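> here are the coordinates; sequence isn't available:
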């Protein structure tokens, strides 16, 4: 009798809050943007690519010789990721990263010693990630750590005064095209600030390391019509073999993210 009265007065157990049961399972979609800083030297070098007889001085130039460090940061690098959260503390999926780097010092102004200008460098990465969430410390603040591995392509191009004519402004120019392929690995940490059970924002920091697989260098000497000269002595190509070499490099990332998780509740 007393037990029945106690059950009558306490009533049914209250339903769990949405914060405790939603946003822990299902598809997750994330967009990131922020500051990207790579190693400043070229990951593709080829100091012996061009014969010394092609001109006076250094026919290859300081970037391919590995003695110039022209690359700077990208203030607006971005990344997107999509995956599935199998458990409240574990998710996995795919990611895509992209950055377009600025240049250091006078390398991109045409006043550098070898007449280098119009320097550009872009990198993209595509791969798989796994993420671990710590959800027990707070209802709305969930730290996480992520590891990723994938493939990367790193391309650069620039224009340089024709060999032996450095220091002049009227000499023909030569276009350089550098391509790097490798394996990308990265580690990122972040903090989900849950503005709702399904939507979160927060900071993210990361460091990635690439390992070179192959590289390619193409050199195109321009004719008077600014087209590649058809003379084979004025154009050089070397793919994935000596003297073209690749080296691994690191890349830092810091920014913010927005994330949506859509799926069933834990109930």
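Okay, I see it. Here the structure is a predicted model, which is why all the values come from computation and not from measurement.

> burial of residue 129, as a residue count?
Burial of residue 129 is recorded as 20 neighbouring residues (other Cβ atoms under 10 Å). C-beta: built from backbone N, CA, C; applies to glycine.

> Hmm, residue 147 and it touching each other?
Yes - between residue 129 and residue 147 there is a contact at 6.8 Å, judged by Cβ atoms under 8 Å.

> Low-confidence stretches in this structure?
Low-confidence segments of the chain (pLDDT under 70): 1-16, 50-59, 105-115, 162-172, 222-242.

> what are the ranges of the helices in it?
In the chain, the helices defined using DSSP state H lie at 2-10, 18-21, 62-65.

> What are the buried residues along the second one?
In this case it means helix 18-21. If you call a residue buried by 16 or more other Cβ atoms under 10 Å, then helix 18-21 has these buried ones: residue 21.

> got a list of contacts for that helix?
Applying Cβ atoms under 8 Å, 6 or more residues apart in numbering, the set of residues contacting helix 18-21 from outside is 139, 140, 194, 197, 265, 266, 267.

> Please compute how far it lies from its chain's middle.
With Cα atoms, centre = their mean, to the nearest Å as the basis, helix 18-21 stands 34 Å off its chain's centre.

> just use 38 as the starting number from now, easier for me
Right, with 38 as the first residue, what we last looked at is helix 55-58.

> On the strand side of things, show who residue 131 bridges to.
Legend: beta-bridge partners of residue 131 under DSSP bridges are residue 119, residue 165.

> how about residue 164, what does it touch?
Counting by Cβ under 8 Å, 6+ apart, residue 164 touches 131, 132, 185, 186, 187, 188, 221.

> these two touch, right, the fourth one and residue 219?
No - no contact is recorded between residue 186 and residue 219 when judged using Cβ under 8 Å, the distance being 11.5 Å.

> Any figure for the gap between residue 155 and residue 140?
10 Å (Cβ to Cβ, to the nearest Å).

> Could you check how far the nearest residue to residue 216 once chain neighbours are set aside is from residue 155?
With sequence-adjacent residues excluded and distances taken as Cβ to Cβ, 6 or more residues apart in numbering, residue 216 is closest to residue 253, at 4.4 Å. Note on residue 253: its distance to residue 155, by Cβ to Cβ, is 19 Å.

> Between those two, point out the one with more neighbours.
residue 253 (19 against 15).

> What's the separation between that one and residue 86?
Relative to residue 86, residue 253 is positioned 11 Å away (Cβ to Cβ).

> next one: residue 301
Taking Cβ to Cβ, one finds residue 301 at 58 Å from residue 86.

> Next: residue 63.
For residue 63, the distance to residue 86 - Cβ to Cβ - is 52 Å.

> Comparing these two, which residue is more hemmed in?
More neighbours surround residue 86 than the other of residue 63 and residue 86, with 22 against 17 (other Cβ under 10 Å).

> right, and that one touches residue 281 too?
Yes - counting by Cβ under 8 Å, residue 86 does reach residue 281; the two are 6.8 Å apart.

> quick one: residue 154 and residue 196 touch, right?
Yes - contact status for residue 154 versus residue 196: in contact at 5.4 Å, counting by Cβ under 8 Å.

> and the residue nearest to residue 195 when sequence neighbours are not counted, how many neighbours?
In space, residue 195 comes closest to residue 156 once its chain neighbours are excluded; the distance is 4.2 Å by Cβ to Cβ, 6+ apart. Using other Cβ under 10 Å, residue 156 has 22 other residues around it.
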